[in-house]
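1. Prediction below, plus the sequence it came from.
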Amino acid sequence: MLATAVSRYKQVVVSTSTPGELLLALYGGLFRFLKQARMLLEAKQRGRAAELVSKARAILCELDLALDYEVYPELCQNLTALYGFCLDRLRVATREDSTQAIDEVIRVLSPLYQAWQLAVPKATIEQGRADRGR
């Protein structure tokens, strides 16, 4: 019963969130999975670490699929290249039990996540102002 309630709650959150909020949630989950996977690799818990790396890879694939090349083609190309690099490093992390590869992904994506954390609330405020001005 609790699992059903949690599932319904997650569906409501996703259906009522803005694209910016979903983006931040995806990045938050990505970093959470990466940090946990790193700790598990250090603790020699390879199987569980591989599961978390797989979840992180799935998020990166989702982020890449969500890019809208018609709006910002150059930005999308750059992000696709960045996500591709990260996916490659996560393959190495799983294959070689490399915490260094996970650290590289965290290092490369951290500035982007920080930028989104600043931009999304600002865009939400500006959108609210624009909506009130109609």
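-> Sure thing, it's come through.
2. Could you report the distance from Arg91 to Gln77?
-> Remark: distance between Arg91 and Gln77 (C-beta to C-beta, to the nearest Å) = 21 Å. C-beta here means a position set from N, CA and C on the backbone, and glycine is covered the same way.
3. so where's this protein shaky on pLDDT?
-> Applying pLDDT under 70 to the chain picks out residues 1-16, 128-134.
4. List the buried residues in the biggest helix by length in it.
-> Secondary structure of the chain per DSSP state H: the longest helix is helix 99-132. Of the residues in helix 99-132, 99, 101-102, 104-106, 109, 113, 116, 120 count as buried by neighbour count, 16 or more other C-beta atoms under 10 Å.
5. go on, stretch 19-26?
-> Neighbour counts using 16+ other C-beta under 10 Å place 20, 23-24, 26 of stretch 19-26 among the buried residues.
6. what do you get for stretch 66-80?
-> Of all the residues in stretch 66-80, those buried under the rule 16+ other C-beta under 10 Å are 67, 76, 79.
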